[in-house]
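Engineer: coords below, sequence missing:
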């Protein structure tokens, strides 16, 4: 790779993004059990790999050009635009789509956090708002945000490989959390669980789900 790739080598910006994203991650997810710490740790690794390649060194593109026979005349910093040979146009499309998903996911995550925080203060089960449409909207938002930023906007070999692992980890974590909630609220939660999907709202409910993604 003899051609420089836009905004690579800006390690101070990479560090700032990693620190800011990690701070929000631990502040609002507030892991307490080792299962929660393990999940947050994998997300942290995802964040580090993502921004280190986005603003530091584009390792994925380098490896594909060096060992994968990727056509160097079609290289851009974005994996999908390089693989498909669509250059800057493809990179712009993936950036716009990725940011839409990122901000949607962030909105869902924070709105879900607000509802849970309020319910805990009042010591009651939260079943309204986002939680009337999905039992774990915070995790839905987290996965949408990570997918948008680390798979669509700026995919790397590491972030693309880690994403399904993160989804699986938070699926297992959700099952453990539900056992605790059932122990606390019993039949009230079981009745709620019977008619509300775990992560993905029903098709006719998505418009309402997205509308509630407020920051």
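Structural biologist: Received the coordinates, thanks. Being a predicted model, the structure only gives us computed values, none of them experimental. Numbers count the residues shown, from 1 in each chain.
Engineer: And the residue sitting nearest the centre point of the chain, how close does it get to residue 128?
Structural biologist: Nearest to the geometric centre of the chain sits residue 146, at 2.2 Å (Cα atoms, centre = their mean). For residue 146, the distance to residue 128 (Cβ to Cβ, to the nearest Å) stands at 26 Å. Just so you know, the C-beta spots here come from the backbone N, C-alpha and C atoms, and that holds for glycine as well.
Engineer: can you check residue 35 too?
Structural biologist: 27 Å.
Engineer: Buried residues, stretch 172-187. List them.
Structural biologist: Under the neighbour-count criterion of 16 or more other Cβ atoms under 10 Å, stretch 172-187 has 173, 177-178, 181 buried.
Engineer: Kindly report the same for stretch 192-204.
Structural biologist: Under the neighbour-count rule (16+ other Cβ under 10 Å), stretch 192-204 has 192, 196, 199, 201 buried.
Engineer: quick one, longest helix in this structure?
Structural biologist: Longest helix in the chain by number of residues (criterion: DSSP state H): helix 87-122.
Engineer: pLDDT averaged over it, what's the number?
Structural biologist: Helix 87-122 carries an average pLDDT of 89.
Engineer: about what we covered before: in terms of contact, does the residue nearest to the centre of the chain touch residue 106 like I think?
Structural biologist: No. With contact defined as Cβ atoms under 8 Å, residue 146 does not count as touching residue 106 (10.4 Å).
Engineer: Would you state the helices of the protein in chain order?
Structural biologist: In the chain, the helices defined using DSSP H lie at 11-29, 34-51, 59-67, 79-84, 87-122, 137-147, 157-185, 187-195, 206-211.
Engineer: And the residue nearest to residue 55 when sequence neighbours are not counted, what's its pLDDT?
Structural biologist: Spatial nearest neighbour of residue 55, excluding adjacent residues (Cβ to Cβ, 6 or more residues apart in numbering): residue 14 at 3.8 Å. Model confidence at residue 14, given as pLDDT, is 91.
Engineer: show me the contacts for residue 14.
Structural biologist: 51-52, 54-56 (Cβ atoms under 8 Å, 6 or more residues apart in numbering).
Engineer: could you redo the last one with a cut-off of 6 Å?
Structural biologist: Contacts for residue 14 (Cβ atoms under 6 Å, 6 or more residues apart in numbering) come out as 51-52, 55-56.
Engineer: For residue 101, state which of the residues you listed is nearest.
Structural biologist: The shortest approach to residue 101 among those belongs to residue 51, at 17.0 Å (Cβ to Cβ).
Engineer: Would you mind confirming that that closest one is in contact with residue 19?
Structural biologist: No. At 9.6 Å, residue 51 does not count as touching residue 19 under the criterion of Cβ atoms under 6 Å.
Engineer: thinking again about what came up before, with pLDDT and distance to residue 208 added, can I get the buried residues of stretch 192-204 in JSON lines?
Structural biologist: Below are these laid out as JSON lines (pLDDT from 0 to 100; distance: Cβ to Cβ, whole Å):
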{"residue": "192", "pLDDT": "95", "distance to residue 208": "17"}
{"residue": "196", "pLDDT": "96", "distance to residue 208": "13"}
{"residue": "199", "pLDDT": "96", "distance to residue 208": "16"}
{"residue": "201", "pLDDT": "95", "distance to residue 208": "8"}
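Engineer: Many thanks, we can stop here.
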